[in-house]
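> any chance you can model this:
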Amino acid sequence: MDEGVPRPSTRRSDPERLEAFSDGVMAVLITLMALDLRVPGGVSLHDLGHSVTGLLVYMLSFAFIGIYWNNHHHLLRSTERISGAVMWMNLHLLFWLSLIPVLTKWVADYHLAPLPACTYGVACLGAAIAYGLLVSAIVSANGSGSAVARAIGHDFKGRLSPVLYAAGLGLAWVSPWISYAFYAGVSVMWFVPDRRLSRLDLDTP
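The predicted structure follows:
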């Protein structure tokens, strides 16, 4: 290769490839959950009532994965470089998310039992911790003075989420409905993407 010809920069290509791979995995997970939805066993309101629980659990899981997809998008779009640690932490996050479809079906079938509700919370807690580790790895790869590090700041919601998930999975043994309320509460808290990263994403070429 001619030494006088500059090589194309790959600074942005690596985060974009990681984002594309993660997008594909999350899309498959949502598809698997949709395929497990059951049609009502009849045409009466009573038959429809038997399908409501499964639909509500599906909505919770859909929002759960969708929120991670949204914030993950803004996080990687705000990242200039990745490292091997970032790639492994990203796989770690996808592992926990990959458990959601099967746990969604389990909770839909046995929503009044504490163990499925608790196990669902364990997966949520694992994903929250994994996302925090991914953020830390990205900050480490880009430097504490980088734009993404300044945008993340103290990450209050990221610190609070594991606490709420841990409380929810513990309270599943008191009442599964309490745990579901905690899980849904975290989703509501994250429903609006992190505006710091959203603004930084808009400023990223």
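> residue 60 contacts residue 185, doesn't it?
No - using Cβ atoms under 8 Å, residue 60 makes no contact with residue 185, being 10.9 Å away. The C-beta positions use only the backbone N, C-alpha and C, and glycine is treated the same way.
> quick check on those two: which one has the bigger neighbour count.
residue 60 (18 against 14; other Cβ atoms under 10 Å).
> report how many residues lie close to the nearest residue to that one once chain neighbours are set aside.
Leaving aside its chain neighbours, residue 60 sits nearest to residue 184 (6.0 Å; criterion: Cβ to Cβ, 6 or more residues apart in numbering). Look at residue 184: counted by other Cβ under 10 Å, it has 16 neighbours.
> correct me, but residue 184 touches residue 59?
No - between residue 184 and residue 59 there is no contact under Cβ under 8 Å: 9.3 Å.
> quick check: the most centrally placed residue in the chain vs residue 32, distance?
Central residue of the chain (Cα atoms, centre = their mean): residue 68, 2.8 Å from the mean position. Residue 68 sits 15 Å away from residue 32, going by Cβ to Cβ, to the nearest Å.
> what of residue 145?
Remark: distance between residue 145 and residue 32 (Cβ to Cβ) = 41 Å.
> before we move on, what about residue 184?
As judged by Cβ to Cβ, residue 184 and residue 32 stand 21 Å apart.
> residue 115 now?
With Cβ to Cβ as the criterion, residue 115 and residue 32 are 22 Å apart.
> what do you get for residue 164?
Counting by Cβ to Cβ - residue 164 and residue 32 are separated by 26 Å.
> once you drop chain neighbours, what's closest to the residue nearest to the centre of the chain?
Once flanking residues are discounted, residue 68 sits nearest to residue 97: 6.3 Å by Cβ to Cβ, 6+ apart.
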